[in-house]
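Peer 1: Pasting the sequence and the predicted model now:
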Amino acid sequence: MSEIAIYNQKHHKANESFQMMLNAHPDKADVRTNKQANNSLYIPIATIERKLDELFNGLWQTTNFRWQVVANEVIGSIDLQVYHPSANVWVTRTGAASAMIQTRKGEPVAVESKYPNTLVKDFPHMKAECLKNAAKSLGVVFGRALNRGTEDEYQYLSETASATVEGIEKARELMQTAVLTEGERQKLDKRIGRATPETLKSIVEYLNTKHHNTKQNAPK
């Protein structure tokens, strides 16, 4: 293996390992419940900033903060930049959010009807939500999967490659003793070389039945 190939392999493995850290589930102690929003789950901004410090050694910043007022809401977006510790590049994620400006009861819903100084808390809240939204796109540890109802299962490249190699080896082994027509053999031989891990599982299951000469159509 060439020095370049070894270098790329090591860096890919390092990048993948760091991504696994980003996609770890957040600590239960870091997750809060918002009782005023249907008991939705969230991670406080202080915790998000702490995790950014820990994972990126303090090498993160926000830029290009943009905002505007629409009716009785202030909406905005912000760019979060982090320095990837293994890829050695700056990565940018954009987050967006809005916050309602509290207005006086019975008056038109407009910024002119806002309570005095309400933006002192509403505006920073919106900016914090922008940062939290941007951080979520970095990985599950920042709360990406909270409130989704389903849990994603991440398949990393090294795991996919390992499963593919194992599947191909098993399929080739079964092909040697399976009872197949020449047409079936040629068709499966072509498919095995470009199949995904899931397709290889189907092919292996099919080939196992052909050892008993069971009549069954080849997987499509």
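Peer 2: Yes, it's here.
Peer 1: where does residue 120 land in three-state SS?
Peer 2: Here residue 120 is helix, with the state taken from DSSP: H, G, I helix; E, B strand; the rest coil.
Peer 1: what number of residues lie near residue 192?
Peer 2: 21 (other C-beta atoms under 10 Å). Glycine gets a C-beta too; all of them are placed from N, C-alpha and C.
Peer 1: you'd agree it is up against residue 204?
Peer 2: No: using C-beta atoms under 8 Å, residue 192 is not in contact with residue 204; the gap is 9.6 Å.
Peer 1: In contact with the spatially most central residue of the chain, which residues are there?
Peer 2: Centroid check for the chain by C-alpha atoms, centre = their mean gives residue 139 as the closest residue, at 5.2 Å. Listed by C-beta atoms under 8 Å, 6 or more residues apart in numbering, the contact set of residue 139 reads 19, 21, 22, 23, 24.
Peer 1: pLDDT value on the last one, please?
Peer 2: The predicted local distance difference test score for residue 24 is 87.
Peer 1: and if you look at residue 117?
Peer 2: Predicted confidence (pLDDT) for residue 117: 69.
Peer 1: Could you give the separation of stretch 36-54 from the chain centroid?
Peer 2: The chain centroid and the centroid of stretch 36-54 are separated by 17 Å, computed with C-alpha atoms, centre = their mean, to the nearest Å.
Peer 1: List the contacts of it.
Peer 2: Contacts for stretch 36-54 (C-beta under 8 Å, 6+ apart): 26, 30-34, 60, 82, 128, 131-132, 135, 141-143, 146-147.
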